[in-house]
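[1] predicted model and sequence follow; I will ask about them next.
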Amino acid sequence: MGSLHVLSQGLIVQMVLSSPKAVELRLVKSPIILPSSRASSISRQALGSQAESARSISRGTSRQFNVEQGPSSNDSLLETSVVNSNIDLVDFSDALQMVEKSLKEVAEIKAQALAEAAEWKRKYEMEHLQCLHLENCANSSSSQTLPEIKNMANEVLELSAADVTTTGEQSSQSNNKQFICSHSSSLENPGTLPKTKFGPEKAMFKLVWSHGLHQSDEQRIVSVEFGNISTEVQSNKQILLVWETPPKSVVIITKPNAPTVQKLCKEMIKWLRDEKDMKVYTEPIVKEELLKESLYFSCVQTCETDQELLELHNKVDLVITLGGDGTLIWAASMFKGPIPPVVAFSMGSLGFMTQFQSDHYRECLQTVMRGPVFITLRHRLVCQIVRDPQNMEDGGPEVEHYLVLNEVSIGRGLSPYLSNLECYCDGLFLTSVQGDGLILSTPSGSTAYSLAAGGSMVHPQVPGILFTPICPHSLSFRPLLLPESVTLKVQVPKNSRDQAWASFDGKSRQQLSKDVVMEIAPFDLCWRECLSGNPSCLTFGLHLGSTSGL
Ligand SMILES: NC(=O)c1ccc[n+]([C@@H]2O[C@H](COP(=O)([O-])OP(=O)(O)OC[C@H]3O[C@@H](n4cnc5c(N)ncnc54)[C@H](O)[C@@H]3O)[C@@H](O)[C@H]2O)c1
Ligand SMILES: Nc1ncnc2c1ncn2[C@@H]1O[C@H](COP(=O)(O)OP(=O)(O)OP(=O)(O)O)[C@@H](O)[C@H]1O
């Protein structure tokens, strides 16, 4: 059988492959320490002439070394064997590299297959859930629950997710980019648009992991299942949005009653229409104001009905906000499902989430429209208020739901008493909050009200729900950071002295009396959207820098 010599710390060890499964190690000469310079010069000289014979050894042919002759062997014999050992090591290392490369290829193919399988599973599950939901609807017209809302959202997605495929197959196309999703891969002929329910004006884009400078920074998606992406290592990467077809339509959301904002809005519309040939949407009230100024603005599109507003995400490629954080929150609240990428220009007082300078809007929009650009994916929470119909006096809706980008806050309102809120996490009793109230916040909202109440600042890429008490009475209660997968329930107990009030991103105050239950869960369309490759992806907070703002 074959034998291989290894020089290790001055010892020559012979590895003898005595049978296909057994390797025997023999110490054949010890200790011989060659000066490294000498050994390497011998190696270099010998490499050319010995290479072929060494290769034949590594291939398992019959060449043998004479070093076993023992102490009587002369120096040149030893040097030759050392040289041969080095050459063997080179070949051995080459072979190992080939094995490693093959293993990597196999792992990549496996990851692609897993991703594909998971996507099919996800589609099957979505269809299954849809069927269940339709059956439920047919069986009863009872009040909606949170999972039902999610199902409805999924239905919206399913409608939108025709003709799309996910990541895997494209990943080999680029050496330094890993696809998260694409929604153009089903296009057989790149010149034709896919048969989706989106208007032809909707642009195509894909999301890719942005790699660092080093090859070792590569991330691989190993599992793509029901809205969850698992990677081999934790993601610390920015995500790149790459346009596959140029964006063609934008909606501009403006802060009201601000003359500078109105002025810029007009200027921006003209630039987008005349120089970029873009379709521009605004809110109806903004269009009315514009038309008072000039008939030129009759080209501006708007959403007159609620239904049109619901479908806006299918029509626009970008959302532009002109205002402060409040305007960005307002823009988010307009979209009940996915949100197209948002470019937020700072024209407010603080502008924590509005990082683009309005003075340079042309350069900025040009860069965004050209792509690729970094994006931050931000999650929202869906909050549902469920009222007991028997205790309802005014015949209002039994179930109401709200989407928040920042937080839902529950407080004592004008009541002089401590508020008392029973909190459950995934159905299990968590705690009873006694104090001024409680804030349930997203990582985006962690820098807003929650921060003022002593909560931690959480980077938007860290998934979680912040559970922050407001002025807690008990010293034993502290802010918590919960996983984003949980569903929280908050209830005013029967023995509470007064009712509570909930507000959503600082708006839409709702009374929470003792019969009311409030459920809060992540509105997890975000990743799901990306994965399903929906062109109207819920990507949020487009930015040009390499860091996302905290
Ligand atoms: N004590 C407080 O700090 C407090 C009290 C009530 C509401 N708020 C926050 O105000 C938000 C509503 O904002 P608005 O602009 O419509 O109302 P607003 O006009 O009253 O502004 C509130 C302030 O909060 C800032 N802000 C909003 N979202 C932020 C975020 N994610 N990170 C950092 N700062 C943020 C705004 O820039 C603004 O300066 C609510 O969601 C709530 O978080 C804070
Ligand atoms: N398009 C809109 N329609 C109705 N209300 C809006 C609209 N845009 C913003 N608002 C509201 O106007 C208020 C002020 O807007 P915004 O927060 O953007 O300005 P600001 O307070 O000057 O800036 P900042 O939030 O950065 O301090 C907010 O409460 C917001 O909800």
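    Received the coordinates, thanks. Ligands and ions are numbered 1, 2, ... in the order given.
[2] switch to C-alpha atoms for all contacts and neighbour counts from now on
    Will do.
[3] ok, Glu108 to Asp426 distance?
    Separation of Glu108 from Asp426 (CA to CA, to the nearest Å) stands at 36 Å.
[4] any residue of the biggest strand by length in the chain up close to ligand 1?
    Assignment by DSSP state E gives strand 428-441 as the longest strand of the chain. No: under the criterion of CA under 6 Å from any ligand atom, ligand 1 is not reached by strand 428-441; the shortest gap measures 8.4 Å.
[5] neighbour-wise, which of Glu108 and Asp426 wins?
    Counted by other CA atoms under 10 Å, Glu108 and Asp426 do not tie: Glu108 has more neighbours, with 18 against 14.
[6] which ones are touching whichever residue of the stretch 151-300 of the chain sits closest to ligand 2?
    Going by CA to the nearest ligand atom, ligand 2 is nearest to Lys255 of the stretch 151-300 of the chain, at 3.8 Å. Contact partners of Lys255, counting by CA atoms under 8 Å, 6 or more residues apart in numbering, are Val261, Leu322, Gly323, Gly324, Thr327.
[7] check which residues of the helix or strand encompassing Glu308 are buried.
    Glu308 is part of helix 306-310 when elements are defined by DSSP states H and E. Using 16 or more other CA atoms under 10 Å as the test for burial, helix 306-310 gives Leu309.
[8] re the thing from before, got the contact list for the next helix or strand after the longest strand of the chain?
    Next along the chain after strand 428-441, taking DSSP H and E as the criterion, comes helix 449-452. Under the criterion CA under 8 Å, 6+ apart, residues Glu407, Ile439, Leu440, Ser441, Ser456, Met457, Leu466, Thr468 lie in contact with helix 449-452.
[9] same deal with stretch 313-327?
    198-199, 201-203, 247-255, 261, 265, 328, 331, 335, 337-354, 358, 535-536.
[10] ok, now stretch 244-251?
    With CA under 8 Å, 6+ apart, stretch 244-251 has contacts from 184, 201-206, 277-282, 315-320, 369-370.
[11] among those residues, which are located in strands?
    Going by DSSP E, the strands hold Phe205, Lys206, Lys279, Val280, Tyr281, Thr282, Leu318, Val319, Ile320 from the contacts of stretch 244-251.
[12] quick check: the two most widely separated of the residues you listed?
    Lys206 and Thr282 (25.7 Å; CA to CA).
[13] comparing those two, which residue is more hemmed in?
    The neighbour count for Lys206 versus Thr282, taken as other CA under 10 Å, is higher for Lys206 (26 against 22).
[14] so the more buried one versus Pro472, what's the distance?
    The value you get for Lys206 to Pro472, if CA to CA is used, is 45 Å.
[15] next: Pro284.
    Pro284 is 43 Å from Pro472, by CA to CA.
[16] check Asn86 too.
    71 Å.
[17] got it, and Lys507?
    Counting by CA to CA - Lys507 and Pro472 are separated by 23 Å.
[18] same thing with Val316?
    44 Å.
[19] can you pick out the residue with more neighbours from the two?
    Val316 (26 against 20).
[20] tell me who's in contact with Leu480.
    If you count contacts by CA under 8 Å, 6+ apart, then Leu480 has Gly455, Leu466, Phe467, Thr468 around it.
[21] lowest confidence element among the helices and strands of the protein?
    Lowest on mean pLDDT, DSSP states H and E among the helices and strands of the chain sits strand 165-166, with a mean of 28.
[22] all strands for the stretch 401-550 of the chain, in order.
    Applying DSSP state E, counting those that start in this stretch to the stretch 401-550 of the chain gives strands spanning 407-411, 419-425, 428-441, 465-472, 480-482, 488-491, 500-504, 507-512, 517-523, 540-543.
[23] before we move on, the earlier item: check whether the helix holding Glu308 contacts ligand 2.
    No: Helix 306-310 lies apart from ligand 2 when judged by CA under 6 Å from any ligand atom; the minimum separation is 13.6 Å.
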